[in-house]
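Undergrad: please work out how this folds:
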Amino acid sequence: MANTTTERLPANPRKHRDRRRTGFILCFLLPPLIVYGIFYLLPFAQAFVYSLFDWSGYSRQMTFVGLDNFKEAFQDKIVWKALGNNFFFLFWCTLVTFALSFFFAVCFTRLKIKGTGFFRIVYFFPNTLSIVVVGVLWMFIFNPSFGLLNGVLDFLGLSSLIQDWLGDKKVVMAALVAPQSWMYIGFYMVLFISAIQSVPEDYYEAATLDGAGQWRQLVHVTVPLIWGTFRTALIHFVVNAFEKTFALVRVVTAGGPNHASEVMTTYLYDQAFKFGHYGYGSAIGVILFAVIALMSLLVMKLTKREAYEY
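TA: Model prediction:
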């Protein structure tokens, strides 16, 4: 009788090692993903559900109204006003913040200005402050009676420019751009400094040998090689322009005067928690989420370009 033996094939050690590595990585990735899902994705899903109901937020009675909350939001003039103010912040704060932060980053890296370490700390310091502290500080600066801004204008003989910066509907949004930009210039400056310093010095030396000055080096060497950082920072700022304006506006103007500085998040807060229109506030939140997603995708599309390797 012939003996039949079954030979066991040796396991692939490389495949086994890859499985262990994948399991090890998942052990570290799953907890933050679970936390993200519970505290971010789940509340948003709940907000979408609540937007379909007429609910005060405090009672068990919820009346299904379908898309009526969204119809009311699209017919609400304050919603459109608030959305326009968000886009005002997006355009002007992006322009001011990125122009100044990139300018300072170039000065502290390529122009070899003395005292770079000190100036980095000075410009980054506002980013370490609570946004509430920043708001209160700028309220004193804009105070029409004893504020620093009006005091400086009066000292310079520009009394005709003195006004109630936070009480005038014509200038309140422009006034709010200053603290919003001031707070984030240092943060993005540090990002750009890190990106510029990562560019090999050989590139600049080769450009210098070819006769390129500082401006041509900036345009043809620095900007293309740090474009990925610039693109990421821009997308991050787009989200902030819609989300992080809440605390500043709430502290400084509370959306006034007469909704002149209202933004989507402050109007959402008032409708949901002040007036008890939780379903309507949730609908505004869903609209805001859609706007942020569309703007982020648009920025990603417009800033997409071939990556340079070095």
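
Undergrad: what's around the residue nearest to residue 223 when sequence neighbours are not counted, how many residues?
TA: Closest residue to residue 223 apart from its sequence neighbours, by Cβ to Cβ, 6 or more residues apart in numbering: residue 230 at 7.5 Å. The C-beta positions use only the backbone N, C-alpha and C, and glycine is treated the same way. For residue 230, the count of nearby residues is 17 (other Cβ atoms under 10 Å).

Undergrad: name the element residue 230 belongs to?
TA: Assigned by DSSP states H and E, residue 230 falls within helix 227-243.

Undergrad: check which helices and strands that helix sits against.
TA: helix 77-109, helix 172-197, helix 264-269, helix 278-302 (3 or more Cβ pairs under 8 Å, 6 or more residues apart in numbering; DSSP states H and E).

Undergrad: let me see the contact set for residue 134.
TA: Going by Cβ atoms under 8 Å, 6 or more residues apart in numbering, residue 134 touches 126, 179, 182-183, 248.

Undergrad: taking the residues you listed, tell me the two that lie furthest apart.
TA: Farthest pair in those (Cβ to Cβ) is 126 and 248. Separation: 12.2 Å.

Undergrad: overlap in contacts, the two.
TA: With Cβ under 8 Å, 6+ apart as the test, residue 126 and residue 248 both reach 134, 183.

Undergrad: looking at these two, which one has more neighbours?
TA: Counted by other Cβ under 10 Å, residue 126 and residue 248 do not tie: residue 248 has more neighbours, with 22 against 18.

Undergrad: which element, helix or strand, includes the more buried one?
TA: Using DSSP H and E, residue 248 falls in helix 245-252.

Undergrad: related to what we said a few turns ago, roughly how far apart are the residue nearest to residue 223 and residue 157?
TA: Residue 230 is 41 Å from residue 157, where distance means Cβ to Cβ, to the nearest Å.

Undergrad: show the pLDDT at the residue most central in space within the chain.
TA: The centroid of the chain falls nearest to residue 240 when counting by Cα atoms, centre = their mean (2.2 Å). On pLDDT, residue 240 comes in at 82.

Undergrad: cross-check the contact I'm expecting between it and residue 181.
TA: No - in this structure, residue 240 is not within contact of residue 181 by Cβ atoms under 8 Å, at 11.3 Å.

Undergrad: not counting stretch 98-109 itself, show me its contacts.
TA: 113, 116, 119-120, 123, 181, 184-189, 191-193, 196-197, 218, 222, 230, 233-234, 237.

Undergrad: how about a cut-off of 10 Å?
TA: 113, 115-117, 119-120, 123, 181-182, 184-197, 199, 214, 218, 222-223, 226, 230, 233-234, 237 (Cβ atoms under 10 Å, 6 or more residues apart in numbering).

Undergrad: quick check: buried residues in that stretch?
TA: 98, 100-102, 104-106, 108-109 (16 or more other Cβ atoms under 10 Å).

Undergrad: how about stretch 120-138?
TA: 120, 123, 126-127, 131, 134-135, 137-138.

Undergrad: same question for stretch 68-86.
TA: Neighbour-count burial for stretch 68-86, counted by 16+ other Cβ under 10 Å, picks out 68-70, 72-73, 78-79, 81-83, 85-86.

Undergrad: point out the most buried one among the helices and strands packed on helix 227-243.
TA: helix 264-269 (a mean of 22; mean count of other Cβ atoms under 10 Å).

Undergrad: who's in contact with that helix?
TA: 47, 73, 76, 78-79, 81-83, 85-86, 242-250, 253-255, 259, 263, 277, 280-288, 291-292.

Undergrad: for the record, mean pLDDT for that helix?
TA: Rounded mean pLDDT across helix 264-269 is 94.

Undergrad: chain center to that helix, what's the gap?
TA: 17 Å (Cα atoms, centre = their mean, to the nearest Å).

Undergrad: switch to numbering from 721
TA: Sure, I'll start numbering at 721, so the last one becomes helix 984-989.

Undergrad: give the next helix or strand downstream of the helix or strand of the chain with the lowest mean pLDDT.
TA: Across the helices and strands of the chain, the lowest-confidence element by mean pLDDT, DSSP states H and E is helix 733-756, at a mean of 78. Sequence order places helix 762-770 as the next helix or strand after helix 733-756, per DSSP H and E.

Undergrad: quick one: contacts of that next one?
TA: Under Cβ under 10 Å, 6+ apart, the answer for helix 762-770 is 756-757, 777, 782, 789, 988, 992, 998-1006, 1009.

Undergrad: any weak-confidence spans in the stretch 721-870 of the chain?
TA: Within the stretch 721-870 of the chain, the segments meeting pLDDT under 70 span 721-736.

Undergrad: please redo it, this time with the cut-off set to 50
TA: Along the stretch 721-870 of the chain, segments meeting pLDDT under 50 span 721-722, 724-726, 729.

Undergrad: gap between residue 940 and residue 933?
TA: With Cβ to Cβ as the criterion, residue 940 and residue 933 are 11 Å apart.
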